[in-house]
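Engineer: predicted coordinates and the sequence they were generated for:
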Amino acid sequence: PMSNKKFNTMYTVEYLGNVVEGQIIKLKVSFSSDGWDSSEGKDEYFYVELSDFTIKDSTDDIRWRDNFDQSAFEILPQQELDYGVQQWENGLLKIFALTYSGISEVPTSIGSLGSLETLILNNNNLIEFPDPIKELTDLKKLSIKYNDVSDELPDLSTLQQLEILELDGNNFTGSLPDTLFDLTQLTKIDLDSNELTGGIPISIANLTKLIELDLDFNQLTGSIPSEIGDLILLNSLDLSKNQLSGPIPNSLTNLTNLEFLSAWRNDLSGNIPYDIGNMSQLETISLGGNELSGKIPDSISNIEDLVTLSLWGNDLSGQIPDSIGNLSNLEILYLNNNQLSGEIPGEIESLTALERFYIQDNNLSGEVPLSLLQLAPDNNGALEILRAYNNPDLVWVVDGLNTVTELQDLGVNQVQYDWFDAS
């Protein structure tokens, strides 16, 4: 059974040696009381509780102290902690994560965790960026997401091994620092949902290993630099909800590994690059809420894996290309609030995966293809919502029936036909 003995005697244990970063110091304690000798191992549950443990160097300066008050958050480089998620390798701390803990600051001693490669401090109450982190030169992943940090982005030029930087969901201000683009090992930058201003510098071309770039929900201005087309490994690019202006650079079509492209709610103008069809791996194109003009490029039909095509709220004109019927995996098609004209192509019937089709507020004309009815769930289709109101010259003609109620009577009542503006 576990011993209930308690010893309140204070002992001082002196370690005669140099304290070296990364060294593990083990103290073996044994004593006797009332004839019971701890060294005999008679009670396997016996333990010694250290109420105040201090390491000093040869100059009597404190290197580390743990008074077992977690609010102090004092950390010894290679001492196992009583909190957070940890991963150790060969006696060295490699990964440390402390999330949802409510901490509002990080002690300077964290900078002595020289072996640390991953540091995660998400969903806390940090209000300043912890500068001692800059001393963690082996760091490969730094994640301080969803805190309340309101500084300018820090100079992290000392972290040359950094591969993943996640600072989204804070209140970072100011512009993107030049030093950020000297971290050439970066594969992911996530800075979304901050208050960043200024432009995207051309030095972004230095980050040739970048796979994911998330700058959405900021206040960035200026144009998208053509140099972004040099990031040929890029898989995901999100520039949404900023104030970017000017054309989409043609060099963007060099990003043939891109699967996710989003720049909705900016002030982008000009044509959609004709060669967008070269980006054959794209699954999402989201460019709504801009000032794009011209026609929908016919080459878009080459993107056979496309699931979402969202071009709402622009000034696009011309017809919906017939070749759109090649997008057999398309589930979301938002073309509403443009200046599109002509008829809806009959090839739409080939979009058997289509769930939402928005074409309202355009200048479309002619008859709605009856083949659209074949996309309804009643006919083993996937179409859930079709919105086509505010196209004055667009009509349903089904045996003379042209009202929503009558269309529902045809056995397509699982589809929400917002045919007339309910307002």
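Structural biologist: Nice, I can see it.
Engineer: please make it C-alpha for all contacts and neighbour counts, starting now.
Structural biologist: Will do.
Engineer: shaky segments in the stretch 201-350 of the chain?
Structural biologist: Across the stretch 201-350 of the chain, nothing is flagged by pLDDT under 70.
Engineer: can you check the stretch 1-150 of the chain too?
Structural biologist: Within the stretch 1-150 of the chain, the stretches falling below the threshold (pLDDT under 70) are 1-83.
Engineer: and with 90 instead?
Structural biologist: In the predicted model, the stretch 1-150 of the chain carries pLDDT under 90 at residues 1-86, 90-91, 107-113.
Engineer: those helices in this structure, which residues are they?
Structural biologist: With DSSP state H as the criterion, the chain has helices at 404-407.
Engineer: middle-most residue in it, spatially?
Structural biologist: Residue closest to the mean C-alpha point of the chain, counted by C-alpha atoms, centre = their mean, is residue 190 at 5.5 Å.
Engineer: partners of it in the sheet?
Structural biologist: In this structure, residue 190 has the following beta-bridge partners (DSSP bridges): residue 166, residue 214.
Engineer: what's the separation between it and residue 280?
Structural biologist: The spacing between residue 190 and residue 280, counted by C-alpha to C-alpha, to the nearest Å, is 24 Å.
Engineer: tell me, how many neighbours does the residue lying closest to residue 244 once chain neighbours are set aside end up with?
Structural biologist: Using C-alpha to C-alpha, 6 or more residues apart in numbering and skipping residues adjacent in sequence, the residue nearest residue 244 is residue 221, 4.6 Å away. Using other C-alpha atoms under 10 Å, the number of residues around residue 221 comes to 18.
Engineer: how about the one 3 residues further on?
Structural biologist: Other residues lying near residue 224 total 21 when counted by other C-alpha under 10 Å.
Engineer: the residue nearest to residue 244 contacts residue 195, doesn't it?
Structural biologist: No - taking contact to mean C-alpha atoms under 8 Å, the distance of 11.8 Å between residue 221 and residue 195 leaves them out of contact.
Engineer: on that earlier part again, list the beta-bridge partners for the residue nearest to residue 244.
Structural biologist: According to DSSP bridges, residue 243 are recorded as the beta-bridge partners of residue 221.
Engineer: now do the contacts for it.
Structural biologist: Residues in contact with residue 221, defined by C-alpha atoms under 8 Å, 6 or more residues apart in numbering, are 197, 198, 199, 200, 242, 243, 244, 245.
Engineer: of these - the most surrounded one?
Structural biologist: Taking other C-alpha under 10 Å as the neighbour criterion, residue 244 ranks highest of the contacts of residue 221 with 25 neighbours.
Engineer: quick one: that residue from residue 268, how far?
Structural biologist: When C-alpha to C-alpha is the yardstick, residue 244 and residue 268 sit 6 Å from each other.
Engineer: thinking again about what came up before, tell me the one of the contacts of residue 221 nearest residue 341?
Structural biologist: Sorting those by distance to residue 341 puts residue 245 at the head of the list, at 26.1 Å, by C-alpha to C-alpha.
Engineer: list the residues that contact the closest one.
Structural biologist: Taking C-alpha under 8 Å, 6+ apart as the test, what residue 245 contacts is 221, 222, 223, 224, 266, 267, 268, 269.
Engineer: then residue 132?
Structural biologist: By C-alpha under 8 Å, 6+ apart, the contact set of residue 132 is 107, 108, 109, 110, 111.
Engineer: let me have those in JSON lines, extended by neighbour count and distance to residue 349.
Structural biologist: What follows is the contacts of residue 132, written out as JSON lines (neighbours: other C-alpha atoms under 10 Å; distance: C-alpha to C-alpha, whole Å):
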{"residue": "107", "neighbour count": "14", "distance to residue 349": "62"}
{"residue": "108", "neighbour count": "15", "distance to residue 349": "63"}
{"residue": "109", "neighbour count": "17", "distance to residue 349": "64"}
{"residue": "110", "neighbour count": "21", "distance to residue 349": "60"}
{"residue": "111", "neighbour count": "19", "distance to residue 349": "61"}
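Engineer: now stretch 348-356 - C-alpha only, CSV.
Structural biologist: Included here for stretch 348-356 are C-alpha records, laid out as CSV according to Å, rounded to 0.1, in the frame of the first residue of the first chain:
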residue,chain,number,x,y,z
ILE,A,348,-24.9,22.0,-68.2
GLU,A,349,-26.7,18.7,-68.1
SER,A,350,-23.3,17.0,-67.9
LEU,A,351,-22.6,18.5,-64.5
THR,A,352,-24.2,15.6,-62.6
ALA,A,353,-22.3,16.5,-59.4
LEU,A,354,-23.7,20.0,-59.4
GLU,A,355,-25.4,21.0,-56.0
ARG,A,356,-25.7,24.8,-56.3
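Engineer: chain center to it, what's the gap?
Structural biologist: If you compare the mean C-alpha spot of stretch 348-356 with that of the full chain, they lie 29 Å apart, counting by C-alpha atoms, centre = their mean, to the nearest Å.
Engineer: just stretch 251-269 next, same as before
Structural biologist: Distance, stretch centre to chain centre, for stretch 251-269: 16 Å (C-alpha atoms, centre = their mean).
Engineer: now stretch 250-265
Structural biologist: Distance of stretch 250-265 from the chain centroid (C-alpha atoms, centre = their mean) equals 16 Å.
Engineer: likewise stretch 138-150?
Structural biologist: Going by C-alpha atoms, centre = their mean, where stretch 138-150 is centred and where its chain is centred differ by 13 Å.
Engineer: hmm, who's touching that stretch?
Structural biologist: Stretch 138-150 is contacted from outside by 114-129, 159-173, using C-alpha under 8 Å, 6+ apart.
Engineer: mark which of the residues you listed are part of strands, please.
Structural biologist: Under the assignment DSSP state E, the contacts of stretch 138-150 contribute 118, 119, 120, 164, 165, 166, 173 to strands.
Engineer: so what's the last one up against?
Structural biologist: What it means is residue 173. Residue 173 is in contact with 150, 151, 152, 153, 194, 195, 196, 197, counting by C-alpha under 8 Å, 6+ apart.
Engineer: how does it look with 7 Å?
Structural biologist: Applying C-alpha atoms under 7 Å, 6 or more residues apart in numbering to residue 173 gives the contacts 150, 151, 152, 153, 195, 196, 197.
Engineer: lowest-confidence entry in those?
Structural biologist: Within the set of those, pLDDT is lowest for residue 151 (92).
Engineer: I'd guessed it sits against residue 126; true?
Structural biologist: No - counting by C-alpha atoms under 7 Å, residue 151 does not reach residue 126; the two are 10.8 Å apart.
Engineer: number of nearby residues for residue 339?
Structural biologist: One way to gauge burial is a neighbour count; for residue 339, by other C-alpha under 10 Å, it gives 20.
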